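Trainee: everything below, folded, please.
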Amino acid sequence: MHLTKALIIAMFFGVGALYAQEHPFDTTLVEHNHTFFIRTRNVDSSEVILSIKCDFKPMVSDTLWDLWEIQITDFNKDGYKDILLSYPANGAANFTYDLYLFDTAINSFKSIAGFEDYPEALSLTVDHRYYYSYERAGCADMNWVSDLFTIQNFKIIHLGHIDGKGCDDADKSNEVIKAYKSINYNNDKETLIEQLPYNSNIPDNTSKWDFLKKYWNTNYKKFL
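Mentor: Here you go, the predicted structure:
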């Protein structure tokens, strides 16, 4: 947690609290020998202004829509706190995210472009430099996708993709898990690494979380 580097005085509210005018987010964060003021101001029921000041000097002012929650967390595990924003999508069960990583070179937070395409991202346990996402793709969450990526120089590099299809009433033989490697780190160009039977690897719908964790942690080097 690196508590010697950071002092957080935060006001966190229940899910959906940021929609209410009377519940703004207001956090003071001491990081890298500077004091940061992270605040939101509601314009209306869906529009929010996020402002970040460093030692009272304005650094960031972004307009956000349908903001659900703010988390202050060391996302990339470099010892400095980052800002993770969540938004509801297709109902409260699905979320998209924005990420602001702390940059010690400029003593500010940088928005990571494209991070919204990698929901529910978790770092690998064997190597925290790499992350995998999870996104629902229909059929009561039995069809889904997962992406492997890393962040270098504050830019996302896409490495791999898993397409899990556990629901196909027309042809059960199509219920498979396909893993692809990105070609030249381009998520629009990929090559098939392997294909696995779905039901023997994921016998019930809750097993996919263990499968994804084990698969990416065991096989991520195949996608580098």
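Trainee: and stretch 38-46, how far apart are its ends?
Mentor: With C-alpha to C-alpha, to the nearest Å as the measure, stretch 38-46 spans 19 Å from end to end.
Trainee: tell me the domain boundaries of the protein?
Mentor: According to automatic domain parsing, the chain comprises the domains 1-111, 118-224.
Trainee: for the protein, which helix extends over the most residues?
Mentor: The single longest helix within the chain, with elements called by DSSP state H, is helix 208-219.
Trainee: in that one, which residues are buried?
Mentor: Neighbour-count burial for helix 208-219 flags Lys208, Phe211, Leu212, Tyr215, Trp216 (criterion: 16 or more other C-beta atoms under 10 Å). Glycine gets a C-beta too; all of them are placed from N, C-alpha and C.
Trainee: now the first one: how far from Ser146?
Mentor: As judged by C-beta to C-beta, to the nearest Å, Lys208 and Ser146 stand 9 Å apart.
Trainee: what touches both of those two?
Mentor: Counting by C-beta atoms under 8 Å, 6 or more residues apart in numbering, the contacts common to Lys208 and Ser146 are Gly164.
Trainee: which stretches of the protein have low pLDDT?
Mentor: Confidence mapping of the chain against pLDDT under 70 gives the ranges 1-23, 90-93, 169-170, 186-187.
Trainee: and the helices in it?
Mentor: Under DSSP H, the chain gives helices at 198-201, 208-219.
Trainee: for the longest one, enumerate the helices and strands it packs against.
Mentor: When contacts are defined as 3 or more C-beta pairs under 8 Å, 6 or more residues apart in numbering; DSSP states H and E, helix 208-219 sits against strand 130-132, strand 143-152, strand 155-165, strand 176-183.
Trainee: hey, what's the angle from the longest one to strand 176-183? Just curious.
Mentor: Taking axes from the mean of the first three to the mean of the last three C-alpha atoms, to 10 degrees, one finds strand 155-165 and strand 176-183 inclined to each other by 160 degrees.
Trainee: output strand 155-165 as CSV - backbone C-alpha positions only.
Mentor: Extracted in CSV, the C-alpha atoms of strand 155-165 (Å, rounded to 0.1, in the frame of the first residue of the first chain):
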residue,chain,number,x,y,z
LYS,A,155,-0.3,3.8,-23.6
ILE,A,156,-2.2,0.5,-23.8
ILE,A,157,-0.5,-2.3,-25.7
HIS,A,158,-2.9,-5.1,-26.7
LEU,A,159,-1.4,-8.6,-26.5
GLY,A,160,-4.1,-11.2,-26.7
HIS,A,161,-7.8,-12.0,-26.8
ILE,A,162,-10.0,-14.9,-25.6
ASP,A,163,-13.5,-15.5,-27.1
GLY,A,164,-15.5,-17.6,-24.8
LYS,A,165,-18.7,-19.1,-26.3
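Trainee: tell me which of the helices and strands packed on helix 208-219 sits most buried.
Mentor: Highest mean neighbour count of the helices and strands packed on helix 208-219: strand 130-132, a mean of 22 (counted as mean count of other C-beta atoms under 10 Å).
Trainee: from Tyr100, how far off is Phe109?
Mentor: Going from Phe109 to Tyr100 by C-beta to C-beta gives 4 Å.
Trainee: cool, and Ser61?
Mentor: Taking C-beta to C-beta as the measure, Ser61 and Tyr100 are separated by 12 Å.
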